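Student: predicted coordinates and the sequence they were generated for:
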Amino acid sequence: MESLLKDRLLAKLADIVGPDNVSSETVDRITHSFDATQRQCLPDLVVHPANTDEISRIVRLANTENIPLLPRGAGSGFTGGSLPIHGGIVLVLTRMNRILEIDTNNLIAVVEPGVVTGRLQKEVERLGLFYPPDPASKDFSTLGGNIAECAGGPRCVKYGVTRDYVLGLEVVTPTGEIIHTGGRTMKNVVGYDLTRLFVGSEGTLGIVTRITLRLLPKPEARKTMLVAFESIDGAAQAVSAIIRGKIIPTTLEFMDGSAIDCVRKATTLDLPFACRAVLIIEVDGDREQLDAQAGKILAIIQTLGVLETRVAETSEESEAIWKVRRSVSPSLRTLNPNKFNEDIVVPRSKVPEMIRALEAIANRYEVPIVNFGHAGDGNIHVNVMVDLAEAGMEEKVQLALHEIFRTTVDLGGSVSGEHGIGTAKALYIGMELDQATLATMRLIKKALDPNNIMNPGKIFLEEIAATGAPSS
């Protein structure tokens with residue numbers, strides 16, 4: 001952005017939000033130039049609006065001047081969705097962090113987009129209520145970001161993902177209009193379902209400024225179990241058997257053999273040497289029913305190569321089990337310094353086949369691949385761990401990723417379950433979506449954002465071939 005235009009925009013933005021809430025200083029631009037991908041793209045200006053009206057005025061200005069505009073929460077995404085790849089204005093929504101209402105009669109909450117997910121969960125649980133979506137980043141990610149990516153988490157197998165709890169939205173469109181979708185009721189079929197259109201749109205169709213969420217009564221109690229298996233096949237069969245047994249656990253988390261090996265190296269994890277898969281199973285509900293549910297689960301899976309079971313009887317023991325799961329990501333650095341974190345999804349029954357394919361890909365390209373994730377819904381977090389300082393490693397990684405995504409789609413799966421597309425997966429979207437479907441999505445983007453100012457270059461990259469093949 002040339003200097004005169006930047007100075008003119010800076011002055012106009014200062015009139016809208018106040019001089020203390022807009023900056024072109026290098027330190028502020030750097031602070032808002034990266035996300036969890038560790039890729040860096042510098043914006044030209046950083047703005048911190050306080051309300052919907054300010055955002056509307058900023059958007060109208062950006063649209064008139066044809067300046068890229070990027071909404072940003074905590075910047076914790078894994079696919080580059082909040083990176084200002086074309087410069088422009090980063091619109092930071094963390095000042096808009098109020099919980100406006102918790103309605104205990106109608107089981108809803110109304111919040112601003114800058115509210116941290118974990119904070120809302122704590123507030124509603126104090127009132128005996130429950131907001132189920134629980135991304136791993138819940139202690140710092142914001143609800144606006146969760147909506148942009150349609151965040152999930154371990155509890156998805158029973159409770160669903162973010163979109164299942166969004167009843168209504170206030171949105172500033174890319175031309176600056178303020179619109180309202182959905183409402184405060186469980187049922188609403190008036191007009192198109194614009195709420196679901198905006199959830200998961202990665203900030204490319206508008207800026208969410210107010211959110212109405214559905215809540216549930218808080219479960220009375222929970223029980224956590226860790227089960228060690230001699231094979232990933234046994235663990236996958238156990239997941240299907242539990243569901244067939246008419247029990248829907250709160251969580252069904254898995255770790256494969258490569259993840260177990262990493263945790264062993266980094267912690268004092270004590271599991272049988274023959275263990276090649278772990279399931280962490282949690283049930284919740286009425287206290288008197290939990291022991292019966294846990295007993296039924298253990299009976300169902302006992303013949304599927306179970307080596308050991310641990311059932312937590314106290315909250316401390318439950319926390320010890322979850323510590324095993326949380327230790328996976330930090331332990332990956334024992335392998336190599338650079339991580340490519342993908343979140344593929346396959347049908348539950350295809351998890352063993354996908355794990356075997358991942359092992360073959362790791363051997364073929366000589367790159368370590370560690371897998372863990374949400375077995376209950378087939379969501380596998382695939383971690384390609386490499387040292388990019390090695391000659392030719394970048395090319396190896398890209399070839400491995402291409403094969404991983406191709407195999408995922410061939411098994412009836414999806415290239416992203418909860419991290420979104422952003423820039424990191426735009427190369428592969430054509431593997432999963434046909435050209436007519438992609439054309440329809442582009443028409444929606446064009447209709448709402450005629451000047452392509454709203455988070456441009458995300459999801460669809462025009463320079464990428466329709467086949468989804470990586471460039472040479």
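Tutor: On my side now, so go ahead.
Student: ok, now how distant is the closest residue to Asn51 other than its chain neighbours from Asp377?
Tutor: Sequence neighbours aside, Met96 is the residue nearest to Asn51 in space, at 6.9 Å (criterion: CB to CB, 6 or more residues apart in numbering). In this view, the C-beta of every residue, glycine as well, is placed from N, C-alpha and C. If you measure Met96 against Asp377 using CB to CB, to the nearest Å, the figure is 31 Å.
Student: swap in Pro217?
Tutor: In this structure, Pro217 and Asp377 are separated by 23 Å, where distance is defined by CB to CB.
Student: what about those two, which has more around it?
Tutor: Set side by side, Pro217 and Asp377 show unequal neighbour counts under other CB atoms under 10 Å, the larger going to Asp377 at 21 against 10.
Student: mind listing what the more buried one touches?
Tutor: Neighbour list for Asp377: Gly152, Cys156, Val157, Val345, Arg348, Gly417 [criterion: CB atoms under 8 Å, 6 or more residues apart in numbering].
Student: show me what contacts the last one?
Tutor: Residues in contact with Gly417, defined by CB under 8 Å, 6+ apart, are Gly152, Asp343, Ile344, Val345, His374, Asp377, Asn379.
Student: Glu253 and Gly373, how far apart?
Tutor: Relative to Gly373, Glu253 is positioned 7 Å away (criterion: CB to CB).
Student: these two: which is more packed in?
Tutor: Remark: of Glu253 and Gly373, Gly373 carries more neighbours, 27 against 24, as counted by other CB under 10 Å.
Student: confirm the more buried one sits in a helix?
Tutor: No - secondary structure of Gly373, determined by DSSP: H, G, I helix; E, B strand; the rest coil: strand, with no helix assignment.
Student: which stretches of the chain have low pLDDT?
Tutor: Counting by pLDDT under 70, the ranges of the chain that qualify are 462-472.
Student: mind listing the strands for the stretch 201-350 of the chain?
Tutor: Defined through DSSP state E, counting those that start in this stretch, the strands belonging to the stretch 201-350 of the chain, from first to last, are 207-214, 216-217, 221-229, 251-256, 277-285, 306-311, 338-345.
Student: can you lay out those strands as TSV showing distance to Arg325?
Tutor: Putting these into TSV (distance: least, CB to CB, whole Å) gives the following:
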stretch	distance to Arg325
strand 207-214	26
strand 216-217	23
strand 221-229	9
strand 251-256	6
strand 277-285	5
strand 306-311	13
strand 338-345	15
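Student: closest one to Val190 among those strands?
Tutor: Relative to Val190, the nearest member of the strands of the stretch 201-350 of the chain by CB to CB is strand 207-214, separated by 15.0 Å.
Student: thinking again about what came up before, identify the farthest-apart pair in the contacts of Asp377.
Tutor: For these, the maximum inter-member distance is 15.0 Å, found between Gly152 and Arg348 (CB to CB).
Student: ok, Cys41 touching Ser33?
Tutor: Yes - between Cys41 and Ser33 there is a contact at 5.8 Å, judged by CB atoms under 8 Å.
Student: measure Cys41 to Thr173 for me?
Tutor: 24 Å.
Student: where along the stretch 1-150 of the chain do the helices fall?
Tutor: Assigned helices in the stretch 1-150 of the chain, in chain order: 3-17, 26-31, 52-65, 117-126, 143-149 (criterion: DSSP state H, counting those that start in this stretch).
Student: most tightly surrounded among these?
Tutor: Compared across the helices of the stretch 1-150 of the chain, helix 143-149 shows the largest average neighbour count, a mean of 30 (mean count of other CB atoms under 10 Å).
Student: next SSE downstream of that one?
Tutor: The helix or strand immediately downstream of helix 143-149 is helix 156-159, counting by DSSP states H and E.
Student: contacts for that next one, please.
Tutor: Contacting residues not belonging to helix 156-159 are listed as 132-133, 216, 248-252, 284, 374, 376-377, 379, 418 [CB under 8 Å, 6+ apart].
Student: quick one: the residues you listed as CSV, columns for distance to Val27 too.
Tutor: Rendered in CSV, the data for the contacts of helix 156-159 read as follows (distance: CB to CB, whole Å):
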residue, distance to Val27
Pro132, 38
Pro133, 33
Leu216, 43
Ile248, 49
Pro249, 46
Thr250, 43
Thr251, 41
Leu252, 44
Asp284, 45
His374, 38
Gly376, 43
Asp377, 41
Asn379, 37
Glu418, 32
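Student: please look at Ala235 and Leu226 and confirm they touch.
Tutor: No - in this structure, Ala235 is not within contact of Leu226 by CB under 8 Å, at 11.7 Å.
Student: find residues that contact each of those two.
Tutor: With CB under 8 Å, 6+ apart, Ala235 and Leu226 have common neighbours Val278, Leu279.
Student: which of the two has more neighbours?
Tutor: Higher neighbour count among Ala235 and Leu226: Ala235, with 28 against 23, using other CB under 10 Å.
Student: which residues sit in contact with that one?
Tutor: Val227, Phe229, Phe254, Ala277, Val278, Leu279, Leu304, Ala375.
Student: can you pull the contacts of the residue nearest to the last one when sequence neighbours are not counted?
Tutor: Pointing back at Ala375 there. Counting by CB to CB, 6+ apart, Phe254 is the residue found nearest to Ala375 once chain neighbours are left out, at 3.9 Å. For Phe254, the residues meeting the contact criterion (CB under 8 Å, 6+ apart) are Ile232, Ala235, Val239, Ala277, Val278, Leu279, Ile280, Val351, Phe372, Gly373, His374, Ala375.
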